[in-house]
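Chemist: What would the 3D arrangement of this be:
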Amino acid sequence: MSNPAVIILSQVHKVGAIRNIRLEDNIGECIHLHFNEIRFDLSIEELKQLSLIMQKALIELDGENLTLISKDFLLDVYKHTGFKKPIIEEELVNLSKLRFIVRKTFKNYLNLNFIKRIEDTPHYKYLNGDKEPFNKYFQENVIGIDNDKRLKRKNDNFNKIEKTKVVVFGKNSFLIRDGLHRASVLAHRKDKDTKIIVVRIINIMFNKQFSIIWLKNIYSCLKTGLFIFKRLIRSLLEKAKH
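Modeler: Numbers count the residues shown, from 1 in each chain. Okay, the predicted model is just below:
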């Protein structure tokens, strides 16, 4: 029996000796974990157990500092260190000194990134009564949790947020890569000049598309232009047939 759908949950390609790691949800069958040419078939419970074992092993290998980073963002950190042990430093910084990446979508096709102060982000504006920009803001969330619920949950758990940390890549950067929700709540409940702990990942591999925002925007424009061009050619070919 063939399964009705395969959902790719996560994947990594061509990192050192790793040619391919891919985690799939094969609906109607089981979870598949592909490691190069090897495939493991797992139930949901077995995947949970494996995840806990690997998390414990990772902390033993690379140190307790990993607990400073959100689990949801840990894969991104390792991707940009080339899967080497992250070198981590902490620094206390004024929120007003930090900058945040905000995505904007135009005509449902073009996604561009802009660098904003905390008070100019849709997240902070939402907490201060201007809800429309945030309700239109696209972001990936945990299944069953929308933008509104996610931010309200952070705001309701302010006692934990007060001790929160945000992540930047690089020795001298103040551009936040993870922690916009937490920082928005902290600025809303306290002040834009309140201090927050910045976790710096020092040994980041330079990547033009990732590290330089305007280059990423150019790539997005080219990708969108190619997509529109393909649709136009397809449409002209269909008309020519008739």
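Chemist: Which pLDDT value goes with the most centrally placed residue in the chain?
Modeler: Closest residue to the average C-alpha location of the chain: residue 73 at 6.0 Å, with CA atoms, centre = their mean. At residue 73, the model reports a pLDDT of 84.
Chemist: Likewise for the one 3 residues further on?
Modeler: Model confidence at residue 76, given as pLDDT, is 83.
Chemist: Now do the contacts for the closest residue to residue 179 other than its chain neighbours.
Modeler: Spatially, and ignoring its direct neighbours in sequence, residue 179 is nearest to residue 166 (3.0 Å; CB to CB, 6 or more residues apart in numbering). Yep, even glycine has a C-beta here, placed from its N, CA and C like the rest. Taking CB atoms under 8 Å, 6 or more residues apart in numbering as the contact definition, residue 166 lies against 98, 176, 178, 179, 180, 182, 183, 196, 197, 198, 199.
Chemist: Quick one: name whatever helix or strand follows the helix or strand of the chain with the lowest mean pLDDT.
Modeler: Between all helices and strands in the chain, the lowest mean by mean pLDDT, DSSP states H and E belongs to helix 208-211, at a mean of 53. If you walk from helix 208-211 toward the C-terminus, the next helix or strand you reach (DSSP states H and E) is helix 213-241.
Chemist: Which neighbouring elements make contact with that next one?
Modeler: Under the contact definition 3 or more CB pairs under 8 Å, 6 or more residues apart in numbering; DSSP states H and E, helix 213-241 sits against strand 110-116, helix 208-211.
Chemist: Now render the contacts of residue 166 as JSON lines, adding neighbour count and distance to residue 89.
Modeler: Written out in JSON lines, the entries for the contacts of residue 166 read as follows (neighbours: other CB atoms under 10 Å; distance: CB to CB, whole Å):
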{"residue": "98", "neighbour count": "22", "distance to residue 89": "16"}
{"residue": "176", "neighbour count": "22", "distance to residue 89": "15"}
{"residue": "178", "neighbour count": "21", "distance to residue 89": "16"}
{"residue": "179", "neighbour count": "23", "distance to residue 89": "16"}
{"residue": "180", "neighbour count": "22", "distance to residue 89": "21"}
{"residue": "182", "neighbour count": "21", "distance to residue 89": "19"}
{"residue": "183", "neighbour count": "26", "distance to residue 89": "18"}
{"residue": "196", "neighbour count": "25", "distance to residue 89": "15"}
{"residue": "197", "neighbour count": "14", "distance to residue 89": "11"}
{"residue": "198", "neighbour count": "21", "distance to residue 89": "9"}
{"residue": "199", "neighbour count": "21", "distance to residue 89": "8"}
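Chemist: Which two of these have the greatest separation?
Modeler: Checking the contacts of residue 166 against each other with CB to CB, the farthest-apart pair comes out as 180 and 197, at 15.0 Å.
Chemist: thought residue 221 was touching residue 111?
Modeler: No: under the contact definition of CB atoms under 8 Å, residue 221 does not touch residue 111, with a separation of 9.6 Å.
Chemist: between those two, who's got more neighbours?
Modeler: Comparing residue 221 with residue 111 by other CB atoms under 10 Å, the one with more neighbours is residue 111, at 16 against 13.
Chemist: If I look at that one, what pLDDT would I see?
Modeler: 78.
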